[in-house]
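Student: A predicted structure for the sequence below; I have some questions about it.
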Amino acid sequence: MSDTNIEITCSETLKNLLEKYKDNEYMYQRLYSHVVNYLPNTLEIEMKNHEERVNRNNFLTNEQKVFIKVFLNKNKYYYLSNNNFFYYYDGEKYLIIKEDDIIHKILTTISKDRVLIQWKYKTKISIINLIKERSLFSCIPETDTIQNVLNAICPSYFTSKNSAKYFLTIIGDNIHKKSSHLIFYISQQMKQFINEVDNVAVLSIGHSNVTNNFMVKYHENHSYENCRLIKINNYSNNVWRELLKKIGLDMMCVSAYYSSCYENSDKFIETKVDEELKTYTYYLKNNKQEYIANEFCNKFILDNNNDNNDNNDNKLEWKNIHFLWKQFLSDNNLPNIMYTTSLKNILKEKYTYDEVSDSFKGITSKYLPIYRDFINFWNSTIKIDTELSNNNFYNELEIDEICSLFKIKTKQSISEEIVLKILTHFFPNIEIVDNKFILNVRSIYWDKNEDIYSSFEFIKNKILHLDDDSNLVPIDDIYNYYKECCYHNSMRLLVSKRYFENYIYYKLPNYIVYDKFINTNWIFN
């Protein structure tokens, strides 16, 4: 209501009251007394009370602003609306926190301060609303947090910190939904690690598919222009699960920060890394299939046609070339980046192909002799036990034992990695456990079970001469006696403790005590 309207209304009201009580002397006097004696004092008191309230309100408003500013500065609380989670950052680690815990902290701090007691619930609501406006990813992690994350994954998973930073920037891009067209290749062995990163993202920040553009296999729909390689070490154990439980949320926050800091993963590669890492990362982006195939041929294939020898009978079967291709990929830390049919078609353009024998004429490889020697060794000396009766002990050979047998037989050394690759490629039906144990196979040159059994007399003799009244001998000691017997007889190969124990459990079940001991009654039977 305007001032003029107020004035008119008051005047009219007073006139009406005077007119109403003009014939009533008592009420007329009371009206006079209220207007002249009481109203000025009442209005004066009202004015003072109003000024005090305004001043008090202004004071509390200023105090509230200062309190909120200081509280939020001292207490790094953040929020994500997509999962309705609150977070706390202590300067070293990020933590998920309950809203009730934040409210308790706010009210406790207000009670200690005392000034805002009357406004504590109003202040609490204001702070909670402000926290909900502070995205977790607006928080810049401290150096200690960043270094803790980098040190946790480098050098265990990444050989350099720049490789680790690149990986984190990619995760950050996915959190911020950038670069959705890019595809990042990793090895099959690291698929579980990547899946676990995705699980951590879901549980900690409510983001799913932060690794959905990480691939282990090439698809023809993937344009090389959009493909990037990530150099991650193959880590076969499950340490990473516990690791991600400890640093998962920190990793997500550092990743989001890197993405914002470097703009995106490609910009990071272009501006922050050395030429070696850049070349590897952009290997597919910068090269066509024909170039990669030629690079493979230059390293692994010898073209005898260049010798102008018309009688050259050399040829390479496609299965051998395919194996060499796998070796090329492995040596260069590359995923399977090309369909084998595409590679074969490119080679058909370069070399003479024989459909009947599925081989390429006039070419060979300097890498093939040892592979062929091993395959011949395997076919001629290793027997597959496919139908053993339940009364027999199943044989197995370890990869390192195979390497030793091969060296004894051929005088050539071969690595466990190569043996494993040969067996998985050329003998896919063989059962291999943990990339170490080859089940249901035996060597014609080494009967492991016979070696153990023939050592029993030596072991019994050792037990008979023990200065020990106990009738129990640890199986560990039994194995040590077996090794002593082997050394005594100059045996070149020893079975592993694992295999020895399994054989003992199978052969002497009636003498096993407490799972780890053999009863000495065995020596008399």
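Tutor: Everything's here; your move.

Student: ok, residue 78 to residue 173 distance?
Tutor: Distance of residue 78 to residue 173, given as C-beta to C-beta, to the nearest Å: 20 Å. In this view, the C-beta of every residue, glycine as well, is placed from N, C-alpha and C.

Student: so which of the two has more stuff around it?
Tutor: Higher neighbour count among residue 78 and residue 173: residue 173, with 26 against 21, using other C-beta atoms under 10 Å.

Student: how close does that one sit to residue 255?
Tutor: Separation of residue 173 from residue 255 (C-beta to C-beta): 8 Å.

Student: can you tell me the closest non-neighbouring residue to residue 254?
Tutor: Leaving aside its chain neighbours, residue 254 sits nearest to residue 149 (4.8 Å; criterion: C-beta to C-beta, 6 or more residues apart in numbering).

Student: and the pLDDT for that neighbour?
Tutor: Looking at residue 149, its pLDDT stands at 95.

Student: repeat that for residue 328.
Tutor: Looking at residue 328, the pLDDT reads 92.

Student: what residues are up against it?
Tutor: When contacts are counted by C-beta atoms under 8 Å, 6 or more residues apart in numbering, residue 328 is found next to 296, 299-300, 334.

Student: identify the farthest-apart pair in those.
Tutor: Farthest apart among the contacts of residue 328 by C-beta to C-beta are 300 and 334. That separation is 13.4 Å.

Student: how about the residue most central in space within the chain, secondary structure?
Tutor: Nearest to the geometric centre of the chain sits residue 193, at 3.6 Å (C-alpha atoms, centre = their mean). Look at residue 193: counting by DSSP: H, G, I helix; E, B strand; the rest coil, its state is helix.

Student: distance of it relative to residue 22?
Tutor: Distance of residue 193 to residue 22, given as C-beta to C-beta: 98 Å.

Student: for the lengthiest helix in the chain, buried residues please.
Tutor: The longest helix of the chain (DSSP state H) is helix 39-74. Using 16 or more other C-beta atoms under 10 Å as the test for burial, helix 39-74 gives 60, 64, 67-68, 71.

Student: where in the stretch 101-250 of the chain is pLDDT low?
Tutor: Scanning the stretch 101-250 of the chain for pLDDT under 70 picks out 234-238.

Student: what's near enough to touch residue 242?
Tutor: The neighbourhood of residue 242, defined by C-beta under 8 Å, 6+ apart, contains no residues.

Student: that one: helix or strand, and which one exactly?
Tutor: Remark: residue 242 resides in helix 239-262, with elements defined by DSSP states H and E.

Student: buried stuff in that helix?
Tutor: Quick answer for helix 239-262 (16+ other C-beta under 10 Å): 240, 243-244, 247-260, 262.

Student: cool, and stretch 268-285?
Tutor: Buried residues in stretch 268-285, counted by 16+ other C-beta under 10 Å: 268-269, 273, 277-278, 280-285.

Student: quickly list the domain ranges of this protein.
Tutor: For the chain, automatic domain parsing gives the domain ranges 143-285, 289-366, 369-446, 449-524.

Student: now the ones you listed in TSV, with distance to residue 52?
Tutor: Shown next, in TSV, are the domains of the chain (distance: least, C-beta to C-beta, whole Å):
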stretch	distance to residue 52
domain 143-285	48
domain 289-366	76
domain 369-446	81
domain 449-524	85
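
Student: need the winner for burial among the ones you listed.
Tutor: Highest mean neighbour count among the domains of the chain (mean count of other C-beta atoms under 10 Å): domain 143-285, with a mean of 18.

Student: same question for stretch 438-452, mean pLDDT?
Tutor: 90.

Student: so how far is it off the chain centroid?
Tutor: On the basis of C-alpha atoms, centre = their mean, to the nearest Å, stretch 438-452 is displaced by 39 Å from the centre of the chain it belongs to.

Student: tell me which residues are up against it.
Tutor: In this structure, residues lying in contact with stretch 438-452 by C-beta under 8 Å, 6+ apart are 381-386, 388, 393-399, 401-402, 405, 408-409, 423, 430-433, 482, 486, 491, 493, 495, 499-500, 503-504, 507.

Student: over to stretch 206-217?
Tutor: The contact list for stretch 206-217 (C-beta under 8 Å, 6+ apart) reads 80, 82-83, 85, 171, 174-175, 180, 182-188, 191, 194-195, 197-198, 201-202, 222, 230, 252, 335-336.

Student: now, which of the residues you listed lie within helices?
Tutor: Among these, the members falling in helices are 171, 174-175, 191, 194-195, 197-198, 201-202, 252 (criterion: DSSP H).

Student: would you list these in TSV and tack on distance to residue 133?
Tutor: Below are those laid out as TSV (distance: C-beta to C-beta, whole Å):
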residue	distance to residue 133
171	25
174	24
175	19
191	38
194	33
195	33
197	28
198	28
201	23
202	24
252	20
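
Student: before we move on, the earlier item: what's the closest of the buried residues of stretch 268-285 to residue 349?
Tutor: Nearest to residue 349 among these, with distances taken as C-beta to C-beta, is residue 284, at 20.7 Å.

Student: just confirm the closest one contacts residue 184, I think it does.
Tutor: No: counting by C-beta atoms under 8 Å, residue 284 does not reach residue 184; the two are 10.6 Å apart.

Student: identify the contacts common to the two.
Tutor: Residues touching both residue 284 and residue 184 by C-beta under 8 Å, 6+ apart: 227-229.

Student: strands of the stretch 101-250 of the chain, start to end?
Tutor: Secondary structure of the stretch 101-250 of the chain by DSSP state E, counting those that start in this stretch: the strands cover 183-185, 214-215, 227-229.

Student: for residue 155, which of the ones you listed is the nearest?
Tutor: Nearest to residue 155 among the strands of the stretch 101-250 of the chain is strand 227-229; the distance by C-beta to C-beta comes to 18.2 Å.

Student: that'll do, ta.
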